[in-house]
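> One predicted model, sequence on top.
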Amino acid sequence: GAQAQSSVTIYGTVDAGISKTTGTTAQIGKRDNNKLGFRGVEDLGNGLKALFHLEIRYEPDTGTIEGVTRPLFQGQSRVGLQGGFGTVRLGRGLTAFQESITAFEPWNGLPAVAGFQTNLQVAGYTSDPLSPAGNSGNRFSNGVWYNSPVWGGFQFNGTFGTKDANGGPAVIGRGTALAPQYAANAQASAHPYSVSVTYNNGPFAAMAATERNAIETKLWSVAASYKPTTALKLMASYQQQDQDHTLRVNPETDAWVIGANYTMGPGKVLVGYGQKHPDGVLKTKEISLGYEYSLSARTYVYVDVSNRKLPVPVTAASDSSLNHYSLGIHHNF
Amino acid sequence: GAQAQSSVTIYGTVDAGISKTTGTTAQIGKRDNNKLGFRGVEDLGNGLKALFHLEIRYEPDTGTIEGVTRPLFQGQSRVGLQGGFGTVRLGRGLTAFQESITAFEPWNGLPAVAGFQTNLQVAGYTSDPLSPAGNSGNRFSNGVWYNSPVWGGFQFNGTFGTKDANGGPAVIGRGTALAPQYAANAQASAHPYSVSVTYNNGPFAAMAATERNAIETKLWSVAASYKPTTALKLMASYQQQDQDHTLRVNPETDAWVIGANYTMGPGKVLVGYGQKHPDGVLKTKEISLGYEYSLSARTYVYVDVSNRKLPVPVTAASDSSLNHYSLGIHHNF
Amino acid sequence: GAQAQSSVTIYGTVDAGISKTTGTTAQIGKRDNNKLGFRGVEDLGNGLKALFHLEIRYEPDTGTIEGVTRPLFQGQSRVGLQGGFGTVRLGRGLTAFQESITAFEPWNGLPAVAGFQTNLQVAGYTSDPLSPAGNSGNRFSNGVWYNSPVWGGFQFNGTFGTKDANGGPAVIGRGTALAPQYAANAQASAHPYSVSVTYNNGPFAAMAATERNAIETKLWSVAASYKPTTALKLMASYQQQDQDHTLRVNPETDAWVIGANYTMGPGKVLVGYGQKHPDGVLKTKEISLGYEYSLSARTYVYVDVSNRKLPVPVTAASDSSLNHYSLGIHHNF
């Protein structure tokens, strides 16, 4: 039988740097999510474990919580059981799709401006359109998570949401401003879900995923990576978003990203290129180059350079070709 | 003399489950308060100790702080000294009444829908009517706490509040909407206090308490429990709220709750029944049944079933008889 | 080479007491900033270290974050590297001036009402006028920090801010209400900076500092302290604020503070006197007396008494001579 024992591990990331984007002043920015987390695992005996994660997110340049208004435990707040059957968790966290896709993104899913995860790689899709404005777009609140054991390299991951209202803004969709398709603080019109299958076999990895959010936008995704040598990882992904439930015209957006990581001693080079194109609209294109230099297993310094070409200028005064430069330090604890 | 030594203990609870109440969609809910706390005790020598508690509360289904808008350290923020004289603390926390009564409630004071603590067992009383809307109803801010040593099974507990304004909403009371009895951000009209005496003697326990809040609502309470065997605990409590200072009609509400806990190996059965009745108004009645199954000393899974009969339907569309079902996991760390 | 090793230290302060100021009700207040911090140092080898600080601030009387609306990590959120070259950090924290001056203030920079740091000793100056209202006045957000090694007792400290907008309110300045000199959420009109030189040599210490904030208000400061015996510390400082960039009349404010600390066994006496005078306006004068009694190296109890004479009454009903009394406990963990 298991003993009662207290066990909390504190973990986190502090990432801060100086960055500059075309048309804006230099600023102190971040390349990764900044985290302060509390987690624990309790051995219940007979191969059963209880586990939890509570993860604060914050902005190091101002000291506020992430995005100023996001939930305190924006990273995740989940509790569950793990055993021979896999892992079952309840609470809030990344969806199965969003958690699986980061391994196929050249910045490893970091929300860096030079990375592709926050926009291009998800084809503009948001997992959580009925949460308050400003909230994270790749999580479910009010969810149940299941991760299967790994069978011959395959793993199944599923996230299932309740229809519970969550204080979100109105979504006009196929309605009008006066009669939006989803009123403020609306419930989901269908149960949100996200499922992914991942495959890992030596140098080769792949995944396929599909997701439907609370306003019935659908997404599917396929991705693969290959390591011809231990130092080199090549990766590619393709995503398609279908907003037919809420958009009258051009409901489909597709996107693809290719990239590579190359490790040289303490150094690592990251390169990526991707495109996103809603039907009949000019493309968004992004090309990025990054370099990380490890000072230890927990700490590295980095430089990112990227260019994003938007279909149209963001504002009359701004360019449609945005260069971005970033230099900083990333520290895990 | 005492040595300088750093000493912080992290503790907490993650409780999440799936619940369903008549007239609402299924949701991820909680049965207990979710906590992430930091506490410490410093030995000052000669039997004297310094102690503190800082307790974050949060919602696991969305990752926000408790109730979205409550204080970060909603659970408590207190510091004080303990010695032969008892314990003196300053800050914010549960009042003496609210802290003492939980031992006589069949769900042990959990804010579970199936439990009685948040409404029935306090006869609808709130300890903190002049704090911002949405704040906790069973705490004093700006308070001083005293707990006596235990003398022959008896302990005295007192909480004394300042009159300090705390950003609360207006309370119309015996005034009008234009001239409320308490304006927004009003000071208390009298010093809030809460005193309880508890008695523990083997299988028998009892308490008596009285409290007055910042708008001079008064409450008194008596409760007792008895354990005929180590496995069975029987309990009963009676409360009366007197709102004469702010209500012109029917200022008195009384309530009673009876219940039992029965332990069978790793399982525990909880049953309870209670009524609340403001003068001349139909009664609120609640009956509940719960089951906890311990996976360890720190972790259990639970099922709750309860029925609440309200005097009138909550809305035109809703029932006046609400069934509630809950299934979840409770993990202490 | 350095090993990967997790290392977080939790530290903090809980300070709560009972205080009373002329014209207000008694309340539970604080004498020091209340902190809950997380910090770490990683040895990277070759004399190089990575370090971070994340410091929550809160109000113990109500459990809210500091000032109800300040950033979660109001204390600081910084990450950086330390080596033979000194220390470089990025993020948010006290400016070089604000960090250096506390050693020359009789309450050691505590924001106590009886202390001089929050108003008199900075001559009414604020380091961060373009942050949201209610925010701290002695920090830079979006900053880079440099502390030199100590050379023969001398150390150079510099803080440099970006011009990045930070959600602040409009500053009318030399403009009008309709056309304020700084619009809401304005960028800095010049790079904010703060530099100080400190000198420590046995019983003697001194500093000189100058700072310019985001709206080009300038401050300079000189201070010195001397310890004729190990038990006695004498100190004095002089500051001048120049608001010429935003004020048409009386842009200069100067202020001075003198004080002493005297240690007697576990007891410590604090005394101070200071004046602040904007050009042509009557003076603000403050005299204070405090006593700390240590229960351990981490815990003390305190009493403060002070009188502040304002040039004009704060409100029609209030006095221009305010007495303040405070009694409380201060616990570090």
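It's in.

> Buried ones in stretch A:65-81, by neighbour count?
A:65-66, A:70-81 (16 or more other C-beta atoms under 10 Å in any protein chain shown). Backbone N, C-alpha and C define where each C-beta goes, glycine included.

> what's the span of that stretch, first residue to last?
By C-alpha to C-alpha, to the nearest Å, the extent of stretch A:65-81 from end to end equals 29 Å.

> chain center to that stretch, what's the gap?
Computed by C-alpha atoms, centre = their mean, to the nearest Å, the separation of stretch A:65-81 from the middle of its chain amounts to 14 Å.

> and that stretch, does that touch chain B?
Yes. Judged by C-beta under 8 Å from any C-beta of the partner chain, stretch A:65-81 and chain B are in contact via A:71-81.

> from the buried residues of stretch A:65-81, which is closest to residue C:58?
Of all the buried residues of stretch A:65-81, residue C:58 sits closest to residue A:72, with 13.0 Å by C-beta to C-beta.

> who's in contact with the closest one?
Applying C-beta atoms under 8 Å, 6 or more residues apart in numbering or on different chains, we find residue A:72 in contact with A:56, A:65, B:56, B:58, B:63-65, B:72, C:72.

> likewise residue A:76?
Taking C-beta under 8 Å, 6+ apart, one finds A:53-55, A:91-94, A:139, B:63 in contact with residue A:76.

> Which element, helix or strand, includes the closest residue to it other than its chain neighbours?
Excluding its sequence neighbours, the residue lying closest to residue A:76 (C-beta to C-beta, 6 or more residues apart in numbering or on different chains) is residue A:93, at 3.8 Å. Taking DSSP states H and E as the criterion, residue A:93 maps to strand A:86-94.

> list the helices and strands that strand packs on?
Secondary-structure packing of strand A:86-94 (3 or more C-beta pairs under 8 Å, 6 or more residues apart in numbering or on different chains; DSSP states H and E): strand A:48-58, strand A:76-83, strand A:139-147, strand B:9-21.

> can you give me the helices in chain A?
A:96-101 (DSSP state H).

> Residue in it with the shortest distance to chain C?
residue A:297 (3.3 Å; C-beta to the nearest C-beta).

> neighbours around that residue, how many?
13 (other C-beta atoms under 10 Å in any protein chain shown).

> One more: the one 3 residues further on?
For residue A:300, the count of nearby residues is 21 (other C-beta under 10 Å).

> Next one: it, what pLDDT does it get?
At residue A:300, the model reports a pLDDT of 98.

> Please name the bridge partners of it.
residue A:294, residue A:330 (DSSP bridges).

> The strand holding residue A:93 to strand A:76-83, inter-axis angle?
Using axes from the mean of the first three to the mean of the last three C-alpha atoms, to 10 degrees, the direction of strand A:86-94 lies 170 degrees away from that of strand A:76-83.

> quick one: strand A:86-94 to strand A:48-58, angle?
Going by the same axes, to 10 degrees, strand A:86-94 makes 10 degrees with strand A:48-58.

> quick one: contacts of strand A:86-94?
Residues contacting strand A:86-94 (C-beta under 8 Å, 6+ apart): A:51, A:53, A:71, A:73, A:75-82, A:99, A:138-149, A:159, B:14, B:16-18, B:28, B:60-63, B:328-329.

> Produce a PyMOL select command limited to the buried residues of these.
Listed next is the PyMOL selection for buried residues among these, using 16+ other C-beta under 10 Å:
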select buried, (chain A and resi 51+53+71+73+75+76+77+78+79+80+81+82+99+138+139+140+141+142+143+144+145+146+147+159) or (chain B and resi 14+16+17+18+28+60+61+62+63+328+329)
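
> Would you mark the buried spots in stretch A:226-239?
Taking 16+ other C-beta under 10 Å as the criterion, stretch A:226-239 shows A:233-239 as buried.

> Ok, stretch A:199-207 next?
A:205-207.

> need the residues of the stretch 51-200 of chain A near chain C, please.
Residues of the stretch 51-200 of chain A lying near chain C (C-beta under 8 Å from any C-beta): A:56, A:58-65, A:68, A:72.

> Among those, which has the minimum pLDDT value?
residue A:68 (91).

> That one contacts residue A:59, doesn't it?
Yes. In this structure, residue A:68 is within contact of residue A:59 by C-beta atoms under 8 Å, at 7.5 Å.

> Could I get the contacting residues of residue A:226?
A:203-205, A:233-235.

> Is it bridged to anything, and to what?
residue A:204, residue A:234.

> Please apply the same query to residue A:308.
According to DSSP bridges, beta-bridge pairing links residue A:308 with residue A:286, residue A:322.

> now it: how far from chain B?
30 Å (C-beta to the nearest C-beta, to the nearest Å).
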